[in-house]
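*Asks:* need the 3D shape of this:
(2 chains)
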Amino acid sequence: MTTATKKPWLDGLLAGRPGSEARPHAWLNELRAAALERAHSLTLPTVRQEDWRFTDLSPLYELAFRPAAPAAVPAGLALEPVLAPEAAARLVFVDGQFMPALSSPATDGVLVTTLASALETHAALVKSRLAQLATFRDDAFCAINTAHLADGALVVARPGAAARTPVQLIFASTQAGVAVHPRCLIVAEQGSELTVLEDYIGLHADARAVNAVSEVAVEANARVRHVRRQLENGSSFSLASCAVRLERDASFRSVSVALGARISRYNLNVTQADEGVNCQLDGLALIHDRQLADTHSFIDHARPHGTSRQLHKCIVGGYAHAVFNGRILVRHGAQGTNSAQQSRNLLLSRRAHVDTKPQLEIFADDVKCAHGATVGQLEAEELFYLRSRGLAEPAARGLLTYGFAAEIVDRIPVPSVVAALRRAVLQEIQAKEAA
Amino acid sequence: MIRERAPTLLEVRDLSASVAGVAILKGVSLTVRAGEVHAIMGPNGSGKSTFAKALVGHPAYQVTSGAAVFGGANLLELPAEERARAWLFLGFQYPVEIPGVANAQFLRLAYNTVQAARGKDELDPLEFDDFVREKMKLLDMDPAFLDRSVNEGFSGGEKKRNEILQMALLEPRLAFLDETDSGLDIDALRVVANGINRLITPDNAIVLVTHYQRMLNYVVPDYVHVMDGGRIIKTGRKDLALELEHRGYDWVAAEATLAA
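*Replies:* The predicted structure is shown next:
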């Protein structure tokens, strides 16, 4: 993208920013101003950058986007497919706008509210936490998101609080041709336990851009389970990053599932900022037609005795293209690190394509790091086994593909989400069979 | 049990087959009648497993000549799944692991698929659960194996029990059991063999493919065939298995060479 074409496109994406706030939120004005400046000075990603080598965003740059119009709850808003009945607290945003009528905030033990209202009630907390982990210095889309920052979801588990039910954050988009910039701030204070569902769902078939940023701070001895579902429609663009920081003996387990979007990119960055931390990052991309799903993860083992586990799977049909880049950095002094990463990919058609790249950088000598990547078709012996039990070939293929996906889906700690994703996976597979 | 005038289930004539262009079977003939238990024995690489896999329709095994008629139909024309629906079964030597697919889900899908093909009633998950638990008792199998992924992390013996469980569910008229005794300790062998014996009826038949005689102490064969070099070189009664156990296979091969 040339500078001449960048300007109007970027202006479209930056339009509709909030006006300056009066004191006491001058810091927020400054944050947005700095982000805006950065958005203008950073180069938008192209395939000439190493980090974007496999993900060509030109189709995104060819479309013009505008801010979403404020609206009441759209008629016929179909959220049922993502609603998790287990969740006692829920925030719903539609086209960037908070929908109180569809939401149930919480205050006991776990604070679940909007950033906008927390700016009034918990100003110091928001100020000390917001935009601390997701830095926009080198990330144009994060800068654009931050330049828009006025509202979003805030989840704070107070010290020692153990949330028995998951918190659900839903970001639905319905309008055509708009860009929205969802924002989440999740904080698990000392010794707390928290399960958060972050769901992005695109309704109607129109193209739009969803540019999301999440930050997750996990304090000492706290445990966070994080589930992210990306269910945008097939003509939309999903750009997202999630920055996680883990303090001493903290635990973070996440499952991210990408089924939707024409092009999606998810950056998951986890910093093990203190000793004895463990994290597990599992992912599934199930795509077909001409979809592209790109996951870039980065686990920073900055301190000793950290553990990380990662299983990322892609199931790719049609002309679709999946990308996985799993970077693991073991810093000097991060002794006793134990890390294992697996990338497993299933190609369902001859035109389907996967680029998978483990990226290990190890600067400590007493570490255990394993990684592996496989790309393949369904196993002939597995197919024959099922056929020898009476299953026709399409049914056998479907069951094996389903099983491949289910291994990730089953790691989600919320039963209704597991059931819904199992149904969605089956539907995808059956639609493919019928095609 | 050998009975006069028992109907013929399988008639194989001069079957030759190859794997990746290499001829493995070189003219095998075998007749199996209802109620019979056959054992096919022979050294490693003699073609025993190939024979079973070619008959159940493994795509890697190319039949190059010969005929196989099963239940009046030309078996070789049918794809593998149709052979299974037409009451043919193979118990695998190395059952495949399928992570992510619950055993119960797989078993029910297989059961309902063959039931539908045979014009019989399918079972819903609750009905099937009762049904399969009864069958598991036959094999002294823990119902916990229903919730686990198919064969994943099962011990050798558990995998073999799961194979016989599938046989019990699919009720084949003819079952090939490929090295079902391998990987079984003596207690598991007794349990699995008992399960097999209880599945034998006057209307079905079993072909045990085995390297060793120990399974045959429990599931007693009516006929013992010795395979070598892709052919059946000797057929006898159950005593032949004991003789093979004592004397090995070489003398049979030598005898066959002399006779030729």
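
*Asks:* in chain B, what residue is nearest chain A?
*Replies:* When you check chain B against chain A by Cβ to the nearest Cβ, the closest residue turns out to be residue B:100, at 3.3 Å. All C-beta atoms are positioned from the backbone trio N, CA, C, and that covers glycine.

*Asks:* enumerate the residues of the stretch 1-150 of chain B near chain A.
*Replies:* Contact residues (Cβ under 8 Å from any Cβ of the partner chain) of the stretch 1-150 of chain B with chain A: B:56-60, B:79-81, B:83-85, B:89-90, B:92, B:95-96, B:98-101, B:106, B:109-110, B:113-114, B:117, B:149-150.

*Asks:* just want the residue of the stretch 1-150 of chain A that's nearest chain B.
*Replies:* Counting by Cβ to the nearest Cβ, the stretch 1-150 of chain A gets nearest to chain B through residue A:86 (20.9 Å).

*Asks:* in this structure residue A:59 contacts residue A:261, no?
*Replies:* No. Shown here, residue A:59 and residue A:261 do not form a contact pair, counting by Cβ atoms under 8 Å, at 11.2 Å.

*Asks:* the two: which is more packed in?
*Replies:* Neighbour comparison, residue A:59 and residue A:261: the larger count goes to residue A:261, with 26 against 14 (by other Cβ atoms under 10 Å in any protein chain shown).

*Asks:* doesn't residue A:72 lie inside a helix?
*Replies:* No. The secondary structure assignment for residue A:72 gives coil rather than a helix, going by DSSP: H, G, I helix; E, B strand; the rest coil.

*Asks:* thinking again about what came up before, PyMOL command to pick out the buried ones of the residues of the stretch 1-150 of chain B next to chain A?
*Replies:* To isolate in PyMOL the members of the residues of the stretch 1-150 of chain B next to chain A that are buried, counting by 16 or more other Cβ atoms under 10 Å in any protein chain shown, one can use:
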select buried, chain B and resi 56+57+58+80+81+83+84+85+89+90+92+95+96+98+99+100+101+106+109+110+113+114+149+150
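
*Asks:* take the residues of the stretch 1-150 of chain B next to chain A and keep only those in helices.
*Replies:* Judged by DSSP state H, those include B:56, B:80-81, B:83-85, B:106, B:109-110, B:113-114, B:117 as members of helices.

*Asks:* ok, so of those, who is nearest residue A:158?
*Replies:* The shortest approach to residue A:158 among those belongs to residue B:106, at 45.3 Å (Cβ to Cβ).

*Asks:* one step back: how about the contacts made by the residue of chain B closest to chain A?
*Replies:* With contact taken as Cβ atoms under 8 Å, 6 or more residues apart in numbering or on different chains, residue B:100 is in contact with A:402-407, A:410, B:149.

*Asks:* which among those end up buried?
*Replies:* When those are checked for burial by 16+ other Cβ under 10 Å, the buried set is A:402-407, B:149.

*Asks:* count of residues packed around the residue of the stretch 1-150 of chain A closest to chain B?
*Replies:* Taking other Cβ under 10 Å as the neighbour definition, residue A:86 ends up with a count of 16.

*Asks:* ok, it touching residue A:418?
*Replies:* No. Checked against Cβ under 8 Å, the pair residue A:86 and residue A:418 is beyond contact range at 10.8 Å.

*Asks:* residues of the stretch 151-260 of chain B that sit close to chain A?
*Replies:* So the stretch 151-260 of chain B meets chain A at B:166, B:170 (Cβ under 8 Å from any Cβ).
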